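**Q** just coords:
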């Protein structure tokens, strides 16, 4: 018998309710549904293409071991759909308890720009230190943009000489993975990547599914659930649009590479 240390359910009862209780946590609720349906974690992990440790953290409501709230909601929706559970009730309960567990708002990753740099910057709680950090970041961006402008001129002058020597890469060199059963997908976000020269890409959507990985040289069109995790080995060779909106990669490119999160 599986036991969840975060469960708030009475230990003296073996009954299971099909609805989310007033004090029940969403991960424990999904765990009970899975057990009632006699499904193992390995089976769910294979169906969702999601690591077992991620599913375990979800069932234990261990939010500090998981990515930011946007991704947790995506995981919950995918898990609930797999078990035919009410995803909206689970997300509502998650919003209620997330701030108590982590001290963060459930929508803290949805502010400002649609592009989110991967990782978290450590900072002081002092307002003054945050202002200085912002100024330093702006200065760094200006320096990087100036450096990129110089590199762009150099690349432009050299590309005309080397263009004839660039080998053609077949579309089969990139591995594009399906995001699920096409008959069940009713909506999503569309990414379009155009390449001026071959480069390697790696793209994962909010459900943890790998949409594309490998080397590509021609237009690549992908659909999935945002936000996306994107890695480009040569960002200067790529132009990117999200839902027909052009996204500038320059502020997030370092040494020619870009690694960021993108949401609508």
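**A** Structure received. In this text the structure is predicted, and so the values were computed from the model without any measurement.
**Q** use CA for all of it now, contacts and neighbours both
**A** Will do.
**Q** centre of the chain versus the helix or strand harbouring residue 80, how much separation?
**A** Using DSSP states H and E, residue 80 sits in helix 69-82. With CA atoms, centre = their mean, to the nearest Å as the basis, helix 69-82 stands 11 Å off its chain's centre.
**Q** Which helix or strand lies directly C-terminal to that helix?
**A** helix 87-102.
**Q** Point out the other helices and strands that that next one packs with.
**A** Using 3 or more CA pairs under 8 Å, 6 or more residues apart in numbering; DSSP states H and E, the elements in contact with helix 87-102 are helix 26-36, helix 69-82.
**Q** Compare these and give me the one nearest residue 140.
**A** helix 69-82 (27.7 Å; CA to CA).
**Q** on that earlier part again, list the buried residues for the helix holding residue 80?
**A** 69-80 (16 or more other CA atoms under 10 Å).
**Q** quick one: low-confidence parts of the protein?
**A** 1-23, 103-126, 159-187 (pLDDT under 70).
**Q** how about the helices in it?
**A** 26-36, 41-48, 52-59, 69-82, 87-102, 127-162 (DSSP state H).
**Q** Dump these into JSON lines; add distance to residue 215 as well.
**A** Formatted as JSON lines, the helices of the chain follow (distance: least, CA to CA, whole Å):
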{"stretch": "helix 26-36", "distance to residue 215": "38"}
{"stretch": "helix 41-48", "distance to residue 215": "25"}
{"stretch": "helix 52-59", "distance to residue 215": "28"}
{"stretch": "helix 69-82", "distance to residue 215": "26"}
{"stretch": "helix 87-102", "distance to residue 215": "36"}
{"stretch": "helix 127-162", "distance to residue 215": "19"}
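**Q** picking up where we left off before, can you check which of the helices and strands packed on helix 87-102 gets nearest to residue 88?
**A** Among the helices and strands packed on helix 87-102, the nearest to residue 88 by CA to CA is helix 69-82 (8.1 Å).
**Q** which helices and strands does that closest one pack with?
**A** helix 41-48, helix 87-102.
**Q** between it and helix 87-102, how big is the angle?
**A** Inter-element angle recorded for helix 69-82 and helix 87-102: 140 degrees (by axes from the mean of the first three to the mean of the last three CA atoms, to 10 degrees).
**Q** Helix 69-82 vs helix 41-48, what angle?
**A** Using the same axes, to 10 degrees: helix 69-82 against helix 41-48 is 100 degrees.
**Q** Show me the chain divided up by domain.
**A** When the chain is parsed with automatic domain parsing, its domains come out as 1-111, 127-262.
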